[in-house]
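[1] coords please:
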Amino acid sequence: MVNRCEVAVIGAGPYGLSLAAHLRARRVDFRIFGKVLDTWSRHMPETMILKSDGFASNLSAPARDSTLAAYCARRGLAYRDQGEPVPLSTFLAYAEDFRVHHVPNVEQVDVAKIERVGDEFSLSLANGQTVKAGNIVLAVGITWYAHTPSALRVLPREFVSHSFDHRELTKFRGKSVAVIGAGASAVDIANALDQAGASPWIIARATEVKFNPVPDPDDESLLGRLRRPASGIGRGWRSYFCAAAPLLFYRLPRHLKDRAIASHLHPAGGWFMREQVEGKIPKSLSRTICGARVRNDQAALTLARADGRQETQSFDHLIAATGFRPDLRKLPFLAPDLAERAAPGGGSPDLSDFFETRVPGLYTVGLNAMYSFGPLMRFMVGAEFTSPRLATHLERKTATRKFALIKSAAVPIGRTRAGSPDLVSARISLTE
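    Reported below is the predicted structural model:
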């Protein structure tokens, strides 16, 4: 079966669902493919608490009742814009409610291949269907971008994995597990391992495991807001600028963009996790991994200390909580020539100010857009800027195309008695 749509959204995470909600409200001809919140529901620890505040944990739709606050109010759940941690289970339930009311047409099927055919795209779906699309939006999140340090890749898969691979951790009960990293993922995984009866051990290059500061009521005073304004990605004027003015960020020189992004990528756990980790989970900090090998049926790590001395520690398993690095070449369904044209040499693509790559009609949002629009794109709160802007652009673009097709289909078939052309418009199906 072959059919067509104007816009195909690939991915049904926060960015995909939010964009789809805005496209639907604007009656743009679109389809959305992917398992709803797959990363969140299958690749995050069950006990995880969102690092973002309540006000920064919304999916975006042009409706007042689409927020997390409105959902919690309807269900009688505890909620505050700030200072009330959001459990993953609450967020997943909210996201499903959002899907039902704002994006009921999600097709929970994987895309197997995307390639260019003429001036359109051809999508091969896992169910055997083929779809033609005038525009593609890659809202793929972090799924394909897990980064594992090269020193660990030499180990067999039974000894090393990435934090992305784990939701339920009881299989490690009674085992020693090294968690590599010092950010929120490392803290969450280590805590989940401890609760599951494993023996976690945090190893990191950082000199300390940092946590976001506990919310201070003084920050909400007039003076506090002037000194350190709040934003969806942190407090302070630098964060406020990145969150409030992504189009200005877009026009910054590359070196200023890189500096601002680096300042927002520092590892830190949520403030509410400090008491779960401090004094409970052992750490080896200021350590660099020099090598890894299997010894006595364990993964043996060679670590370099800050003073240059080396030591060896052995564990039953290693979990790399070492983040994600966007690279379109890692998307298994995107034709290699499209990936190379969109982002020559790999890495993040250069985008237009409407999120379009160098391939006409191919758009990407979320983490892929971070180096164009700033650290806001690394967080789900970025969907509140991205979705209405891109939806408006696609609405205008597809409307222009429809008008051009209708105009070109109007052909003269004769003349009226007054001598003017008698025009008849061919009936056009834009979704055939």
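
[2] what about the strands in the stretch 1-150 of the chain?
    Assigned by DSSP state E, counting those that start in this stretch, the strands in the stretch 1-150 of the chain fall at 2-10, 30-33, 49-50, 86-87, 106-107, 111-117, 120-125, 130-138.

[3] Mind listing the strands the third one pairs with, and their directions?
    This means strand 49-50. strand 86-87 (antiparallel) (DSSP bridges).

[4] With the second one instead?
    Taking DSSP bridges as the criterion, strand 30-33 sits next to strand 2-10 (parallel), strand 106-107 (parallel) in its sheet.

[5] export the first one as CSV, just CAs?
    Translated: strand 2-10. C-alpha atoms of strand 2-10 as CSV (Å, rounded to 0.1, in the frame of the first residue of the first chain):
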residue,chain,number,x,y,z
VAL,A,2,1.4,3.4,-1.0
ASN,A,3,-0.1,6.7,0.2
ARG,A,4,1.0,10.3,0.8
CYS,A,5,1.1,13.0,3.4
GLU,A,6,2.5,16.5,3.4
VAL,A,7,4.5,16.0,6.7
ALA,A,8,5.8,12.9,8.3
VAL,A,9,6.9,13.2,11.9
ILE,A,10,9.4,10.5,12.9
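
[6] Pull the distance from that strand to the chain's centre.
    21 Å (C-alpha atoms, centre = their mean, to the nearest Å).

[7] between the strands of the stretch 1-150 of the chain, which one is nearest to residue 295?
    strand 49-50 (36.4 Å; C-beta to C-beta). No exception for glycine: its C-beta is placed from N, CA and C like everyone else's.

[8] If we ignore the residues flanking it in sequence, what's nearest the spatially most central residue of the chain?
    Closest residue to the average C-alpha location of the chain: residue 141 at 3.1 Å, with C-alpha atoms, centre = their mean. Once flanking residues are discounted, residue 141 sits nearest to residue 13: 4.4 Å by C-beta to C-beta, 6 or more residues apart in numbering.

[9] Could you do residue 333 as well?
    residue 111 (5.0 Å).

[10] Mind listing the residues bridging to that neighbour?
    residue 125.

[11] Run through the residues that contact it.
    By C-beta atoms under 8 Å, 6 or more residues apart in numbering, residue 111 lies in contact with 10, 33, 34, 123, 124, 125, 126, 333.

[12] ok so, going back, among the strands paired with strand 30-33, which comes closest to residue 229?
    Closest among these, once you apply C-beta to C-beta, is strand 2-10, at 32.9 Å.

[13] Quick one: residues in contact with the closest one.
    Outside strand 2-10, the residues touching it (C-beta under 8 Å, 6+ apart) are 16, 19-20, 23, 28-34, 111, 114, 120-121, 123, 129-140, 333, 394, 398, 401, 430-432.

[14] Phi, psi for the closest residue to residue 34 other than its chain neighbours please.
    The spatial neighbour of residue 34 that comes closest, neighbours along the chain excluded (C-beta to C-beta, 6+ apart), is residue 12 at 3.9 Å. With angles defined as degrees, to the nearest 10, residue 12 sits at phi -120, psi 40.

[15] doesn't residue 39 make contact with residue 12?
    No: Residue 12 lies out of contact with residue 39 (C-beta atoms under 8 Å); the separation is 10.0 Å.

[16] mind listing what the residue nearest to residue 141 touches?
    Residue 13 neighbours (C-beta under 8 Å, 6+ apart): 34, 37, 38, 39, 40, 139, 140, 141, 366.

[17] Outline the domain layout of the protein.
    Domain ranges of the chain: 2-145+324-404, 150-211+268-320, 220-263, per automatic domain parsing.

[18] which residues in the stretch 201-350 of the chain form strands?
    Under DSSP E, counting those that start in this stretch, the stretch 201-350 of the chain gives strands at 230-231, 234-235, 283-284, 288-295, 298-304, 310-315, 317-320.

[19] how near is the residue lying closest to residue 35 once chain neighbours are set aside to residue 60?
    Of all residues not flanking residue 35 in the chain, residue 108 sits nearest, at 5.1 Å (C-beta to C-beta, 6+ apart). Going from residue 108 to residue 60 by C-beta to C-beta, to the nearest Å gives 21 Å.

[20] Also residue 341?
    For residue 341 relative to residue 60 (C-beta to C-beta), the value is 29 Å.

[21] the helices in this protein, which residues?
    With DSSP state H, the ranges of helices along the chain come out as 14-25, 38-42, 68-75, 88-102, 184-195, 222-227, 237-244, 246-250, 254-263, 274-277, 336-342, 370-373, 383-408.

[22] Residue 319 is nearest to which of those?
    Comparing the helices of the chain by C-beta to C-beta, helix 184-195 comes nearest, at 5.8 Å.

[23] residues contacting the closest residue to residue 267 other than its chain neighbours?
    Nearest non-adjacent residue to residue 267, counting by C-beta to C-beta, 6+ apart: residue 183, 3.2 Å away. Neighbouring residues of residue 183 by C-beta under 8 Å, 6+ apart: 267, 268, 269, 321, 323.

[24] Dihedrals phi and psi, the first one?
    Here the main-chain torsion angles of residue 267 (degrees, to the nearest 10) amount to phi -70, psi 140.

[25] Pull the number of nearby residues for the nearest residue to residue 385 once chain neighbours are set aside.
    Leaving out its chain neighbours, the residue that sits closest to residue 385 by C-beta to C-beta, 6+ apart is residue 246, at 5.5 Å. As a burial measure, residue 246 scores 21 neighbours (other C-beta atoms under 10 Å).

[26] Run through the residues that contact residue 292.
    151, 152, 154, 155, 160, 299, 300, 301, 302, 318.

[27] 7 Å instead?
    Taking C-beta atoms under 7 Å, 6 or more residues apart in numbering, we find residue 292 in contact with 151, 152, 154, 155, 299, 300, 301.

[28] who does the residue nearest to the fourth one when sequence neighbours are not counted bridge with?
    In space, not counting the residues next to it along the chain, residue 155 is nearest to residue 292; the distance is 5.4 Å by C-beta to C-beta, 6+ apart. Assessed by DSSP bridges, residue 292 has beta-bridge partners residue 301.
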